[in-house]
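**Student:** Build me a structure from this.
(2 chains)
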Protein chains: 2
Amino acid sequence: MDDLQIRPARKDDVAAIVGLLADDLLGAQRESPDDLTPYLAAWERLSGDPHQHLVVAVRGDRVVGTLQLTVIPGLSRRGATRSIIEGVRIHADERGGGLGTRLIEWAVDESRRQNCRLVQLTSDNTRTDAHRFYERLGFTASHVGFKLQL
Amino acid sequence: MDDLQIRPARKDDVAAIVGLLADDLLGAQRESPDDLTPYLAAWERLSGDPHQHLVVAVRGDRVVGTLQLTVIPGLSRRGATRSIIEGVRIHADERGGGLGTRLIEWAVDESRRQNCRLVQLTSDNTRTDAHRFYERLGFTASHVGFKLQL
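**Tutor:** So this is what the prediction gives:
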């Protein structure tokens, strides 16, 4: 029995998504699930941008996973469009059960459908389990990811 | 005397930008400057997307640098908008002369102006000079960058 559905996130999914973002070693320090105001504003920005695809994985009526896919045109690599995956989160109850693979496969398939020639993502240096996971799915750890907080 | 200007790339800049993309150890194998068709199509996609900022650095009437800035809304980090820098290229004659710093500073300033809370980029593992450059500008090499070619 597999009742899993991956679909665009709706406004009434935002609280559940924020719950997933906060239930994470790094996210716990960065999120404020008690005040949804900034998240709802961000959801409005996302839903108004046709190149943004925020999705949830739902089992029954419960949000058990999420990721954000962004489609980015560009000149390099002969005018290749690429996609970027951000904010991958899996509910604690579902970790190790194949849901991460399903979500990433969804993102790769959607990227192909949108004629992307490259899918990319960055993962915090400390998330070594995630690094092995992405390598198993065929990703290559070819780059260093830099961030600057403003 | 500093006649440098950083401005949005126009359609008639595409050939010069492709020249910069191809004049690069990694880019030389990936670009086809003799056929601009796919690049011009990509320029159309970029110019129709308000979250894309492809810019050129121009000295006199000569394109001497380029980068692409993408503004990405998101739920994580309390609904933080972030920006991503891609395709940074500096003309061979200008390398080591501070133009890279000027372009990245432009991107950081523009990101701030658009209320981004984070600027991020990835750099190929082999570009160790670039890594030192980004660290000097305050970026932290906190992530591993994964890519999957489709």
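**Student:** beta partners for the spatially most central residue of chain A?
**Tutor:** Nearest to the geometric centre of chain A sits A:Leu67, at 2.2 Å (Cα atoms, centre = their mean). With DSSP bridges applied, the residues forming beta bridges to A:Leu67 are A:Val55.
**Student:** wait, what's in contact with A:Ile85?
**Tutor:** Taking Cβ atoms under 8 Å, 6 or more residues apart in numbering or on different chains as the contact definition, A:Ile85 lies against A:67-69, A:104, A:107, A:119-121. (C-beta placed from N, C-alpha, C; glycine too.)
**Student:** could I get those as JSON lines with distance to B:Thr140 and pLDDT?
**Tutor:** As requested, these are exported to JSON lines (distance: Cβ to Cβ, whole Å; pLDDT from 0 to 100):
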{"residue": "A:Leu67", "distance to B:Thr140": "23", "pLDDT": "97"}
{"residue": "A:Gln68", "distance to B:Thr140": "22", "pLDDT": "98"}
{"residue": "A:Leu69", "distance to B:Thr140": "25", "pLDDT": "98"}
{"residue": "A:Ile104", "distance to B:Thr140": "25", "pLDDT": "97"}
{"residue": "A:Ala107", "distance to B:Thr140": "26", "pLDDT": "98"}
{"residue": "A:Val119", "distance to B:Thr140": "24", "pLDDT": "98"}
{"residue": "A:Gln120", "distance to B:Thr140": "19", "pLDDT": "97"}
{"residue": "A:Leu121", "distance to B:Thr140": "18", "pLDDT": "97"}
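**Student:** Could you identify the buried members of those residues?
**Tutor:** A:67-69, A:104, A:107, A:119-121 (16 or more other Cβ atoms under 10 Å in any protein chain shown).
**Student:** which among those gets closest to B:Asp61?
**Tutor:** When the buried ones among the contacts of A:Ile85 are compared for distance to B:Asp61, the smallest value, 34.5 Å, is given by A:Gln120; criterion: Cβ to Cβ.
**Student:** How about that closest one: what's its closest non-neighbour residue?
**Tutor:** Beyond its immediate neighbours in the sequence, the residue positioned closest to A:Gln120 (Cβ to Cβ, 6 or more residues apart in numbering or on different chains) is B:Lys147, lying 4.7 Å away.
**Student:** and the one you found, what are its bridge partners?
**Tutor:** For B:Lys147, the beta-bridge partners are A:Gln120, A:Thr140 (DSSP bridges).
**Student:** I'd say it and A:Glu135 touch.
**Tutor:** No: applying Cβ atoms under 8 Å as the test, B:Lys147 and A:Glu135 come out as separate, 11.5 Å apart.
**Student:** between those two, who's got more neighbours?
**Tutor:** Higher neighbour count among B:Lys147 and A:Glu135: B:Lys147, with 17 against 13, using other Cβ atoms under 10 Å in any protein chain shown.
**Student:** need the contact list for that one.
**Tutor:** Contact partners of B:Lys147, counting by Cβ under 8 Å, 6+ apart, are A:118-120, A:139-140, A:142-143.
**Student:** and what of A:Leu26?
**Tutor:** Counting by Cβ under 8 Å, 6+ apart, A:Leu26 touches A:124, A:126.
**Student:** Ok, the one 10 residues further on next?
**Tutor:** For A:Leu36, the contacting residues are A:14-15, A:18, by Cβ under 8 Å, 6+ apart.
**Student:** buried set for the helix ranked longest in chain A?
**Tutor:** The helix that spans the most residues within chain A, counting by DSSP state H, is helix A:99-113. Buried residues in helix A:99-113, counted by 16+ other Cβ under 10 Å: A:99-100, A:102-104, A:106-108, A:110-111.
**Student:** Keep these, but drop any that are not near chain B.
**Tutor:** A:108, A:111 (Cβ under 8 Å from any Cβ of the partner chain).
**Student:** one step back: scan the contacts of A:Leu36 and report the most crowded one.
**Tutor:** For those, neighbours were counted using other Cβ under 10 Å, and A:Val18 has the most, 28 neighbours in all.
**Student:** which residues in chain A form helices?
**Tutor:** A:14-22, A:37-47, A:76-79, A:99-113, A:128-136.
**Student:** ok, the closest residue to A:Gly138 other than its chain neighbours - contacts?
**Tutor:** In this structure, A:Gly138 finds its nearest non-sequential neighbour in B:Leu148, 5.5 Å apart by Cβ to Cβ, 6+ apart. In this structure, B:Leu148 makes contact with A:108, A:118-120, A:137-140, judged by Cβ under 8 Å, 6+ apart.
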